[in-house]
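Participant: here is the input, now give the coordinates:
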Amino acid sequence: MPPTPRNRKAPPSKAQRRPRSLSLLDFRSPADGAWYGARVTVQRGALRVMYEEFLEEQDEWYDPAALAAASSSSAARDVAALRARFRTASLPLEDARCRDLRAGAPLCISCPLDDGLLKFYDAVLESVVPAAHGIVDGEERCACRFTVRWTDGPRAGSREEVGVERICCVQPSPVQDPVLIEFLDGVTKLLGDGNSGGATASQENGAVAAAEGGVTADAPPGFYRKFGARA
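Facilitator: Next up is the predicted model:
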C-alpha cells in the first residue's frame, strides 16, 4: 500500500525520522499512481525511496541484483519505468504568479477522494477565469478559478474547476539528484554489459554486493518485490 497523503497524517516523531538525502523529488507510486514527495539513497546495493514525512516501513526498495531473474529486454523496461516515476519536485502555485499560467500547462492537482484521502495526480490547464485578488494579513490572495482536465488518477479524462490552493506546477527541468542518476545509470550500464554476459553479469554483481555486506538475506520486508525475486 502507498503511504497516506502527507497533509492528512501527522509527521513521525523525531526518533522515527530518517537521514535526508540531497534533494526532494516527486515520485509516482506504483500502487496508486499518485505523486508523493520523496528522497532517495542507496543502501545494501539497492535504491531506497523514502516518502517524505512517512514511516520507514513505507519506504520502497529496488534491488538491481534481482534483475538477474528477468530477460535483458524486460529488465531494461523495468529500469526505464522506474526512471519515469521520478521528476523534479512540483512547486505550489504562488497566488501572485497565477497570471503566468497558460493553457496547456502541466499541473499536479490535489484530488479529494471518497474515502477522505487527498492525493496528487497530473492534469492539464484548459482555461482560467480571472478574479480580483485580495489582501489577507498583508499577503496577496488569488481568487481566480482554473479549469483543468485530469490526465491521471481516478478522474482521468474529466474536467474540474479548482482554486490556487490545489495547484502545483510541474517543473520542466530534468531530475538532477546525483544519487538517483548514478544508481539508474549504473544499472543501465550493467544491463548493457549484459548483452554479452546476460544474467551472469547481474548475478555476479549481486554476489559481490552480498560478499561486501551489501544485499543480504536480512533485508527489510518487501526488499525484493519491486524488481522480482532474485534467481
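Participant: use CA for all of it now, contacts and neighbours both
Facilitator: OK.
Participant: run through this structure and note the low-pLDDT ranges.
Facilitator: Scanning the chain for pLDDT under 70 picks out 1-22, 67-70, 193-231.
Participant: show me where it has helices.
Facilitator: Remark: helices assigned in the chain by DSSP state H are 72-84, 178-197, 199-211.
Participant: gap between the longest one and the chain center?
Facilitator: Taking the mean C-alpha point of helix 178-197 and that of its whole chain, the gap between them comes to 20 Å (C-alpha atoms, centre = their mean, to the nearest Å).
Participant: what do you get for the first one?
Facilitator: In this view, helix 72-84 has its centroid 16 Å away from the chain centroid, taken as C-alpha atoms, centre = their mean.
Participant: send me that helix as PDB with only the CA atoms.
Facilitator: Taking Å, rounded to 0.1, in the frame of the first residue of the first chain, the C-alpha atoms of helix 72-84 are listed here in PDB:
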ATOM      1  CA  SER A  72      17.500  -8.200 -20.700                       C
ATOM      2  CA  SER A  73      14.600  -6.600 -22.600                       C
ATOM      3  CA  SER A  74      12.200  -7.000 -19.600                       C
ATOM      4  CA  ALA A  75      14.900  -5.700 -17.200                       C
ATOM      5  CA  ALA A  76      15.500  -2.700 -19.400                       C
ATOM      6  CA  ARG A  77      11.800  -1.900 -19.400                       C
ATOM      7  CA  ASP A  78      11.700  -2.100 -15.600                       C
ATOM      8  CA  VAL A  79      14.600   0.300 -15.200                       C
ATOM      9  CA  ALA A  80      13.100   2.700 -17.700                       C
ATOM     10  CA  ALA A  81       9.700   2.600 -16.000                       C
ATOM     11  CA  LEU A  82      11.400   3.300 -12.600                       C
ATOM     12  CA  ARG A  83      13.300   6.200 -14.100                       C
ATOM     13  CA  ALA A  84      10.000   7.700 -15.400                       C
END
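Participant: tell me the helices and strands packed up against it.
Facilitator: Packing partners of helix 72-84 (3 or more C-alpha pairs under 8 Å, 6 or more residues apart in numbering; DSSP states H and E): helix 178-197.
Participant: tell me which residues of the helix it packs on are tucked away?
Facilitator: Buried residues in helix 178-197, defined by neighbour count with 16 or more other C-alpha atoms under 10 Å: V179, L180, F183, L184, V187, T188, L190, L191, G194.
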